[in-house]
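*Asks:* would you be able to build a 3D model of this:
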Amino acid sequence: MEMGNGTTVQEFTLEGFPAIQHLGKVLFLVHLLAYLASIVGNAVMVTITCTDSRLHTPMYLFLSTFSFLECGVISAVIPKLLVIFLSGRQAISFPACFIQALITVFLGATGFLLITVMSLDRYVAICKPLHYPTIMNLKTCCLLVTACFSLAFPFITGLVVKVSQLSFCGPHVIPHFFCDLGPLIHLSCSDTSSTEMLAFVLTSFILLTSLIITIIAYSNIVITVLQLPSAKEKQKAFSACSSHLVVLSLMYGSCVFIYVKPKQTNRLDSNREAALVNMVVTPLLNPVIYTLQNKQVHQALRGTMCRMKISR
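*Replies:* Prediction:
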């Protein structure tokens, strides 16, 4: 049955990782454990931020929102990947495919906008400490979080809708483990030049703008830290910054490699490995680096556990 936009494809097939599909059960177990650890770690951050008044600060508001976004992205992708590894069922319906694409790209774009806000928050906290309480009050932080969602939603939704309106009348195998926009555009039998350019401009603008602002913010932070009189304070600050930069490097590196190129048909096979880093590795590292190494979070966790024991 042919759809209104000329689409004859009723469902797509996610290729996954055919070269290692024979290791399906092992890969299922590894990715299941990574997924559960990511969900638990990020969910713990969201929960303790909401329940512990000591964490009702701008930094933890941003971190808990970021953890929420991470949970959403991996929950849209990893369960289907687990099904592919375990049972080999690779089919995904046309609507489900574009819903997955919308969730992952929208939450991903919102996440990068939020990273920009987080870097500016750290810049103000470290470089302008006397002005920090005035600039980063709770109302301003809530407005910034809302702005991240509001800016990403219309652009990303418009892009995904435009891709969904292309004609898909031929190959239906997506050379990826989830419905990403690049492989979907590649499968279309329409003229995709304008859609490819729109995707390139939007993703490049979000990623590169976020990256440039983050680099400027952290550069100023490094300069300020170098001016600290105490060697111990310098070491502590650089230790925290270096761990944050590891996660940021993985996120920006993988996403710039995937999205910042005008021809989405290039290097689709390599995109899978880069996307896997972004979908599995970084969500697993984020709770450890951003939260679980933090003394305030440890105190909040102990307080929450004590309250749970008392309530029993």
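*Asks:* tell me the secondary structure for Phe178?
*Replies:* coil (DSSP: H, G, I helix; E, B strand; the rest coil).
*Asks:* next, work out how far apart the nearest residue to it once chain neighbours are set aside and Val40 are.
*Replies:* Spatial nearest neighbour of Phe178, chain neighbours left out: Val77 (4.5 Å); criterion: C-beta to C-beta, 6 or more residues apart in numbering. For every residue, glycine as well, the C-beta is placed using N, CA and C. Using C-beta to C-beta, to the nearest Å, Val77 is found at 17 Å from Val40.
*Asks:* still on that earlier bit, and the residue nearest to Phe178, what does it touch?
*Replies:* Applying C-beta atoms under 8 Å, 6 or more residues apart in numbering to Val77 gives the contacts 100, 104, 177-178, 279.
*Asks:* point me to the helix or strand that includes it.
*Replies:* Using DSSP states H and E, Val77 maps to helix 58-87.
*Asks:* what are the buried residues along that helix?
*Replies:* Neighbour-count burial for helix 58-87 flags 58-74, 76-78, 80-85 (criterion: 16 or more other C-beta atoms under 10 Å).
*Asks:* so what's the nearest residue to Ser204 once chain neighbours are set aside up against?
*Replies:* Distances taken as C-beta to C-beta, 6+ apart place Val260 nearest to Ser204, at 5.0 Å, with adjacent residues excluded. Residues in contact with Val260 (C-beta under 8 Å, 6+ apart) are 200, 203-204, 207-208.
*Asks:* most neighbours, which of these?
*Replies:* Most neighbours among the contacts of Val260, by other C-beta atoms under 10 Å: Thr203, with 26 neighbours.
*Asks:* element containing it, please.
*Replies:* Per DSSP H and E: Thr203 is located in helix 193-226.
*Asks:* which pLDDT value goes with the residue nearest to Ser204?
*Replies:* Looking at Val260, its pLDDT stands at 76.
*Asks:* also Gln264?
*Replies:* For Gln264, pLDDT reads 50.
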